[in-house]
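# Okay, structure incoming, though there's no sequence with it:
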């Protein structure tokens, strides 16, 4: 395997230039392949995009490759929310290839001093290339991806063999849902304790199944929770609604409800997915409630994303004009103290 590591210095002053331009960062021959890296500025949008190009060098053999761009902070550590990766397999060099990381650096980053060092941004670029090796059996046997989630999803939908019923009544919606105790117990430690352990609850119905009341959760949230338990993914309806949610408020509230449900039943992966969704929906008028939610349900990633959002002076000014600051003072003083400590650190470096 051939690999290289490059550091790209981009002056902050170039983001505010009146003219857009494209500039070469470096070029190299890696693993028999010609590799070039450029960056472009967009004067009207105030952004910098990175471009990685591959072309045939002295090899015609198919290749596998991995690439990663990471924005580095003052301590030369990758910023997780500013890291992008890409990979491919069995690529033919003669076809040529280009990867564009659009808007990798934005005008708002000028306010985040922890990303700047002597007036410049530093971006790391990691590349690994190796020849593609096909196994002898590849031409004869093709193993499809696992479809276990589809079978379990169908089992939930058709309700065959169900032995527990949940009667959900909370908020503005009610519903009755049938499920399989073994599946629930295998996926959730809370369901396991509730159905088989010391927390065992519910009563036997006439049919021999167990009936459990859930009085403090809306039916559509519990339906999404069950779907994730069986398929390890959010529902297609959730994804469709997200694409058509104009102002974003409806889906933000929905993902908050899902995060609370995931935390309640110990579904850590679902909780992380909801955190990731909410991190992209932080606004000045919602960041206070996001911080309170993150603190209440132990979501360090969401809390750090909120702190990062408020490290921008523009976002901070908008936040101060809302009622969120007073809400944090009254309901989450410890979170407010953490926020002030973070902002103090940022101001020291400015």
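Everything's here; your move. None of the values given here were measured: they were computed from a predicted structure.

# Identify the residues contacting stretch 64-84?
Contacts of stretch 64-84 from elsewhere in the structure, counted by Cβ atoms under 8 Å, 6 or more residues apart in numbering, are 7, 31, 33, 50, 52, 54, 85-91, 99, 101, 104-105, 114-117, 121-132, 279, 305, 308, 349. Where you see a C-beta, it was placed from the backbone N, CA and C, and this is true even at glycine.

# Can you get me a residue count around residue 116?
Residue 116 has 19 neighbours, counted by other Cβ atoms under 10 Å.

# ok, and the closest non-adjacent residue to it?
Nearest-residue entry for residue 116: residue 12, 6.0 Å, with adjacent residues in sequence omitted and distances by Cβ to Cβ, 6 or more residues apart in numbering.

# pLDDT at that neighbour, what is it?
On the pLDDT scale, residue 12 is placed at 86.

# wait, it sits on residue 117?
No: assessed by Cβ atoms under 8 Å, residue 12 is found out of contact with residue 117, at 9.9 Å.

# Closest to the centroid, which residue in the chain?
residue 276 (3.5 Å; Cα atoms, centre = their mean).

# for residue 108, what are its contacts?
Under the contact definition (Cβ under 8 Å, 6+ apart), the residues listed for residue 108 are 312, 314-315.

# Which of the helices and strands in this protein ranks last by mean pLDDT?
Among the helical and strand segments of the chain, the one scoring lowest on mean pLDDT, DSSP states H and E is strand 203-204, with a mean of 60.

# following that strand, which helix or strand comes up?
Helices and strands here follow DSSP states H and E; after strand 203-204, the next one along the chain is strand 210-214.

# same for that following strand, what does it pack against?
Under the contact criterion of 3 or more Cβ pairs under 8 Å, 6 or more residues apart in numbering; DSSP states H and E, strand 210-214 touches strand 164-170, strand 203-204.

# Quick check, residue 229 in contact with residue 185.
No: using Cβ under 8 Å, residue 229 makes no contact with residue 185, being 10.2 Å away.

# Tell me which of the two has more neighbours.
The residue with more neighbours, out of residue 229 and residue 185, is residue 229; 21 against 18, by other Cβ under 10 Å.
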